[in-house]
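Visitor: Could you work out the structure for the sequence below:
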Amino acid sequence: MPSLIAARLAARLGRLTASRRVVVAAVARQRGHFTAEALAAGLPIVGRATVYRTLKLLTEAGVLCRVLMEDGSLHYRLSGPGHHHHLVCVACGTIQDFSGCDVNGMVAQLAKGKAFTVEGHWLEVYGRCGGCGGGAS
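Guide: Model prediction:
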């Protein structure tokens, strides 16, 4: 997996420095979601700025997605395929992807009414997963 991530990043950048390779390998080892701060703390040989820039590039390349947690902290996780959003459990922190994006029409209508050009949107839905007392009622 690190080589696939590195290949996607290298295609975007043209070259991949040794420091960025260290960050890519650390990202590939992540299980679940993580913060940039935690990743940087685990990589003392890599500068914080390099960690943050590499995470930004990986996000732009579609390798990672950002998840805004209910407490306002920004987390990252390996991205699922295609455009998607997240269900975030406020009790245990579990994140699930969902792809049915029925807000596209609303976003387009809002943009048209405000003479605004939409370049993207980001949606997080907060609640409780089935293991924490959520579920259909």
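Visitor: shouldn't Tyr76 be in contact with Cys65?
Guide: Yes. The pair Tyr76 / Cys65 is scored as a contact, 7.2 Å apart, by CB atoms under 8 Å. Any C-beta I mention is one placed from the backbone N, CA and C, and that applies to glycine too.
Visitor: which residues are in contact with both of the two?
Guide: Thr59 (CB atoms under 8 Å, 6 or more residues apart in numbering).
Visitor: hang on, Arg77 in a helix?
Guide: No. Arg77: not assigned to a helix; according to DSSP: H, G, I helix; E, B strand; the rest coil it is strand.
Visitor: how about low-confidence regions in this protein?
Guide: Along the chain, segments meeting pLDDT under 70 span 1-2, 13-14, 101, 134-137.
Visitor: Could you chop it up by domain?
Guide: The record's domain split for the chain, according to automatic domain parsing, is 1-79, 81-137.
Visitor: Dump those domains into TSV; add mean neighbour count as well.
Guide: Formatted as TSV, those follow (neighbours: other CB atoms under 10 Å):
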stretch	mean neighbour count
domain 1-79	16
domain 81-137	12
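Visitor: Tell me if Val88 really is in a strand.
Guide: Yes. Assignment of Val88 by three-state DSSP places it within a strand.
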